[in-house]
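Undergrad: Okay, predicted coordinates and the sequence, questions at the end:
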Amino acid sequence: MEKKKTNKKFIIILVALVVLGGTYGTFKYIHSQSHEETDDAQIEKNMNPIIPRVSGYVDKVYIKDNDFVKKGDTLFTIDRRDYQLKIEEANAAMIGAEGNFEVTKADIGSALASISVSDANVLSAGGNIESAKIRLGRITSDYNRYENLYKSHSITKQQYEQALAAKLEAESQVRVLQQQERASAFQKSVIVAKSKVSDKQTEVAAANIKRAKALLDAAKLNLTYTAVTAAIDGQVSKIDIQPGQLVQPGQSLFYIINNKEAWVIANFKETQLNKMVIGQKVTVKVDAYPNYDFQGSVTSFSPATGSRFSLLPPDNATGNFVKTIQRLPVKISLNATNDPEKIKLLRPGMNVDVDVHLK
């Protein structure tokens, strides 16, 4: 009799398990027709790397691990002394370039004044030559007349020689004045050539001023870079710097996490993507906060599977091939209707379960 009771209990338990299993299986099957789920998903946030723009030794650190900061807050400073000296050096170069420019401008002014004097000398020589030529013509006429009179013995030899001397003197004066005119013209050409050289020197001096100003501006800009500030509001990661440490441009030191915006990257199997489209509703359960369901939507699909973005992507063209199901990253944006305080609690890398509503 006891044996029969045992058999009845077993049958009841077995039937109950079959009913429960069948019910759960039916529920999961019906659910799978309108949902796609995966637990291969993580929270993502913008992680802003802190990278110095100038090199130098850290002077002072104003933050600690995991501190919250506001945009514009000073995170740490680099020793400013070297950059202040560079500003003084650039400023001295600027003053020297401006001085050279003023000197070349003065040279041009002197050359222009000399050109004006040369022009006046050339004009004066031209006028004197014309006067000398007129006088030579008159004296030549007198000489010709005296020569005829001397040949006819109407005047004395002394009078003839005086007329000849006057003629030779007038001719000599014309030649001297012509030489002076040529000398003035040559001097003018030399001065004009020098003025052109001075013009080029002025252009070079002006270019040197621009270069010196650019170096001065760059030195001032680099001085501002010695104070490294936060570009966004957020929370800093672990601080791996300390006073006296040498930092280099482009060196990633730590991160600021933007806590205002978060999204999910879910890696779905390629066989799950058949009915998934952009815009579908998504329910996100975070392992750390199981009592709150985050709402989101499918935003975009990765252009390639995750394996293609790995450091050493698989090459199936060689060796034995074993077909494995690939996973495709899908971006899921969290809706603005979610509690902002809950969004702030999320941390990049947290595991989540994702349920995409296909219908």
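TA: The structure has been received and is ready for your questions. Numbering: from 1, shown residues only.
Undergrad: which residues touch Arg347?
TA: 43, 45, 257, 288 (Cβ atoms under 8 Å, 6 or more residues apart in numbering). (Glycine included, C-beta is placed from N, CA and C.)
Undergrad: Would you mind giving those as a markdown table with pLDDT added?
TA: Formatted as a markdown table, the contacts of Arg347 follow (pLDDT from 0 to 100):
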| residue | pLDDT |
| --- | --- |
| Ile43 | 95 |
| Lys45 | 93 |
| Ile257 | 93 |
| Ala288 | 92 |
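Undergrad: from the residues you listed, which two are the most distant?
TA: The distance between the two most remote of the contacts of Arg347 (Cβ to Cβ) is 15.5 Å, for Ile257 and Ala288.
Undergrad: With neighbour numbers in mind, choose between these two.
TA: Ile257 (18 against 12; other Cβ atoms under 10 Å).
Undergrad: So what does the more buried one have for phi and psi?
TA: With angles defined as degrees, to the nearest 10, Ile257 sits at phi -90, psi 130.
Undergrad: hang on, it packs against Gln235?
TA: Yes - if you go by Cβ atoms under 8 Å, Ile257 and Gln235 touch, sitting 5.0 Å apart.
Undergrad: so what's in contact with the two at the same time?
TA: Among the neighbours of Ile257, none is also in contact with Gln235 (Cβ under 8 Å, 6+ apart).
Undergrad: Between the two ends of stretch 56-66, how far is it?
TA: The first residue of stretch 56-66 is 24 Å away from its last residue (Cα to Cα, to the nearest Å).
Undergrad: now it: mean pLDDT?
TA: In this model, stretch 56-66 has a mean pLDDT of 93.
Undergrad: Next: stretch 345-353.
TA: Stretch 345-353 comes out at a mean pLDDT of 93.
Undergrad: Okay, buried residues for that stretch please.
TA: 346, 348, 350, 352-353 (16 or more other Cβ atoms under 10 Å).
Undergrad: now do stretch 265-278
TA: Across stretch 265-278, burial judged by 16+ other Cβ under 10 Å covers 265-268, 272, 276.
Undergrad: Now do the helix or strand harbouring Ile343: which elements does it pack against?
TA: Assigned by DSSP states H and E, Ile343 belongs to helix 340-345. If contacts are counted by 3 or more Cβ pairs under 8 Å, 6 or more residues apart in numbering; DSSP states H and E, helix 340-345 sits against strand 289-301.
Undergrad: in its sheet, what does the strand it packs on sit against?
TA: According to DSSP bridges, strand 289-301 forms sheet pairs with strand 281-286 (antiparallel), strand 327-334 (antiparallel).
Undergrad: Need these in a markdown table (columns: mean pLDDT and distance to Asn66).
TA: Formatted as a markdown table, the strands paired with strand 289-301 follow (pLDDT from 0 to 100; distance: least, Cβ to Cβ, whole Å):
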| stretch | mean pLDDT | distance to Asn66 |
| --- | --- | --- |
| strand 281-286 | 94 | 20 |
| strand 327-334 | 94 | 23 |
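Undergrad: Which of the ones you listed sits closest to Gln84?
TA: strand 327-334 (47.1 Å).
Undergrad: Can I get the closest one as CSV, trimmed to CA atoms?
TA: Taking C-alpha atoms only, strand 327-334 is exported to CSV below (Å, rounded to 0.1, in the frame of the first residue of the first chain):
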residue,chain,number,x,y,z
ARG,A,327,27.9,38.8,-33.5
LEU,A,328,27.1,42.3,-34.8
PRO,A,329,27.2,45.3,-32.4
VAL,A,330,23.9,47.2,-32.2
LYS,A,331,23.7,50.7,-30.7
ILE,A,332,20.7,51.2,-28.4
SER,A,333,19.9,54.8,-27.2
LEU,A,334,18.3,55.3,-23.9
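Undergrad: Please list the residues outside that strand that contact it.
TA: By Cβ under 8 Å, 6+ apart, strand 327-334 touches 40-41, 262-270, 273, 276, 282, 284, 294-302, 304-307, 343, 354.
Undergrad: Buried ones among those?
TA: 40-41, 262-268, 276, 282, 284, 294, 296, 298, 302, 305, 343, 354.
Undergrad: Count the neighbours of Ala219 for me.
TA: Ala219: 19 surrounding residues under other Cβ under 10 Å.
Undergrad: do Val176 as well
TA: Val176 has 14 nearby residues by other Cβ under 10 Å.
Undergrad: Rebuild the buried residues of stretch 345-353 as TSV, extending it with distance to Ile139.
TA: Output for the buried residues of stretch 345-353, formatted as TSV (distance: Cβ to Cβ, whole Å):
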residue	distance to Ile139
Leu346	115
Pro348	110
Met350	118
Val352	120
Asp353	125
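Undergrad: could I get those as TSV with distance to Leu223 and secondary structure?
TA: Formatted as TSV, the buried residues of stretch 345-353 follow (distance: Cβ to Cβ, whole Å; DSSP: H, G, I helix; E, B strand; the rest coil):
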residue	distance to Leu223	secondary structure
Leu346	39	coil
Pro348	34	coil
Met350	41	coil
Val352	46	strand
Asp353	51	strand
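Undergrad: and these, which two are the farthest apart?
TA: Farthest pair in the buried residues of stretch 345-353, by Cβ to Cβ: Pro348 and Asp353, 17.0 Å.
Undergrad: and Ser307, helix, strand or coil?
TA: helix (DSSP: H, G, I helix; E, B strand; the rest coil).
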